[in-house]
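Student: I would like to see how this sequence folds:
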Amino acid sequence: MSICNLARPEIRQMRPYDAPTIATSWSRLNANEAAEFPYQLSGSGDVNRYPEMRPHKLSEAIAECFGITANCVCPTRGSSEGIDLLIRTFCRAYTDNIVILPPTFEMYSVYARMQAAEVREVPLLSEDDFKIDWSGIESACDDNTHLIFFCSPNNPSGSLVDPEALIEFANRRGNRSIIVVDEAYVEFSGRESLIAQIGKIENLVVLRTFSKAFALAGARCGAVVSTPEITKLISAMMSPYAISAPVTEIMLEALQPNNQNAARKQISRIVAARDALAKELAKIDQITRVWASFTNFLLVKFASSSIVCRSLEKQKIMIREFQGVATLENCARITVGSTSENDRLLNALRSIGAT
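Tutor: As a prediction, the model looks like this:
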């Protein structure tokens, strides 16, 4: 049995949208485009024309960056769209379920509920540095558990999944569940991506984004990385011309070797700043704990997060508070900013502690 048999039957049988052929040297009278561009917009390119249905050059560039073949890559509008596409592809409404490990990225459950798929939660062990309850996941799964989401490094705890344990678990689930590993922050971890396991583990999907380490949040570009069979299904679910021409142009430039080197240097600076910030935060009276992080943010616990966050807001400093989340009571997520932003934050927190 192929892992793709977990996809909804109507998706497996669906005929994808047949977009008009893109041939830039031809007279394109087949797609109802504007023949001329009436504006003067900097960096707009030929936006009067539709882009490629699926930008193959972008797939190739992403694949080269990740060290994999292009047919294993499906570019998406951020990794969030990848989550949505996976759930809509593999989960039948009111029948199938996903398993998530809270506290984690909220959009797994949001997209599942949009699809009317059941969400089963197996909380991370917050008392044990947010380690994974593997036996709890096994107990939560049944024949209709089509997707299991792991965020590594995890948002918001900053913790990592043990790759050997995950690979062993993925092999145990076999063709019963797809294992989705969201690696939005992996570049900050110093660990190897599980993309290296694509092709070795049939039921593995890795989500990547260029919003974090590549500093391209505004471009909205990510990727679903998996076997060609799975990426073909995901691509068929996407709307036509999903990736705009300007985004493709930006991404192709960002993925040039010199710009990848620049991104790596910035990652090193952020990691150093993160570790320095963690040490300083641990000295502040209002803070009772700073968790180890493998991301570009830190999870901290305050004596009273509401007092601290309201005080910071008055100083026009925003951090991410987690109200109503039992395992994150009085906790907040702090993004590593510029040197001046980090200093401003520390000074503000010290002033709260002195009052």
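
Student: which is the next helix or strand following the longest helix along the chain?
Tutor: Ranked by residue count, the top helix of the chain under DSSP state H comes out as helix 257-281. Counting by DSSP states H and E, the next helix or strand C-terminal to helix 257-281 is strand 287-290.

Student: adjacent strands (with direction) for that following strand?
Tutor: In the sheet, strand 287-290 lines up against strand 297-302 (antiparallel) (DSSP bridges).

Student: the strand it pairs with to helix 257-281, inter-axis angle?
Tutor: Angle, strand 297-302 to helix 257-281, by axes from the mean of the first three to the mean of the last three Cα atoms, to 10 degrees: 10 degrees.

Student: how far does strand 297-302 sit from its chain's centre?
Tutor: 20 Å (Cα atoms, centre = their mean, to the nearest Å).

Student: what is the mean pLDDT for it?
Tutor: Mean per-residue pLDDT for strand 297-302: 96.

Student: got the phi/psi numbers for Ile11?
Tutor: phi -80, psi -40 (degrees, to the nearest 10).

Student: quick one, what contacts Ile234?
Tutor: Contacts for Ile234 (Cβ atoms under 8 Å, 6 or more residues apart in numbering) come out as 74, 76, 82, 85-86, 89, 224, 226. For glycine as for every other residue, the C-beta is placed from the backbone atoms N, C-alpha and C.

Student: what about the helices in the protein?
Tutor: Going by DSSP H, the chain shows helices at 9-12, 56-66, 78-90, 107-114, 134-140, 163-173, 228-237, 245-254, 257-281, 305-314, 339-354.

Student: for those helices, which one sits closest to Leu101?
Tutor: Distance to Leu101, taken as Cβ to Cβ, is lowest for helix 134-140 among the helices of the chain, at 7.5 Å.

Student: in that closest one, what's buried?
Tutor: Residues 136-137, 140 are the ones in helix 134-140 that count as buried (16 or more other Cβ atoms under 10 Å).

Student: and which of those residues is nearest to Lys301?
Tutor: When those are compared against Lys301 (criterion: Cβ to Cβ), the nearest one is Gly136, at 23.6 Å.

Student: quick check: buried residues in stretch 321-335?
Tutor: 321-322, 328, 330-335.

Student: what about Leu298, neighbour count?
Tutor: Residues near Leu298, counting by other Cβ atoms under 10 Å, number 24.

Student: so it sits against Arg274, correct?
Tutor: Yes. Assessed by Cβ atoms under 8 Å, Leu298 is found in contact with Arg274 at 6.6 Å.

Student: common neighbours of those two, please.
Tutor: By Cβ under 8 Å, 6+ apart, the residues touching both Leu298 and Arg274 are Val336.

Student: contacts for the helix or strand of the chain with the lowest mean pLDDT, please.
Tutor: Least confident element among the helices and strands of the chain, by mean pLDDT, DSSP states H and E: helix 9-12 (a mean of 86). For helix 9-12, the surrounding residues in contact (Cβ under 8 Å, 6+ apart) are 4-5, 88-89, 233, 236-237.

Student: report the buried residues of it.
Tutor: In terms of neighbour count (16+ other Cβ under 10 Å), helix 9-12 has its buried residues at Ile11.

Student: return the distance of that helix from the chain's centre.
Tutor: Relative to the mean C-alpha coordinate of its chain, helix 9-12 is positioned 26 Å out (Cα atoms, centre = their mean).

Student: domain map for this protein?
Tutor: 3-255, 259-354 (automatic domain parsing).

Student: most packed of the ones you listed?
Tutor: Comparing the domains of the chain by mean neighbour count (mean count of other Cβ atoms under 10 Å), domain 3-255 comes out on top with a mean of 18.

Student: picking up where we left off before, tell me the one of the contacts of Ile234 nearest Gln286?
Tutor: Distance to Gln286 across these (Cβ to Cβ) is lowest for Gly82, with 37.6 Å.
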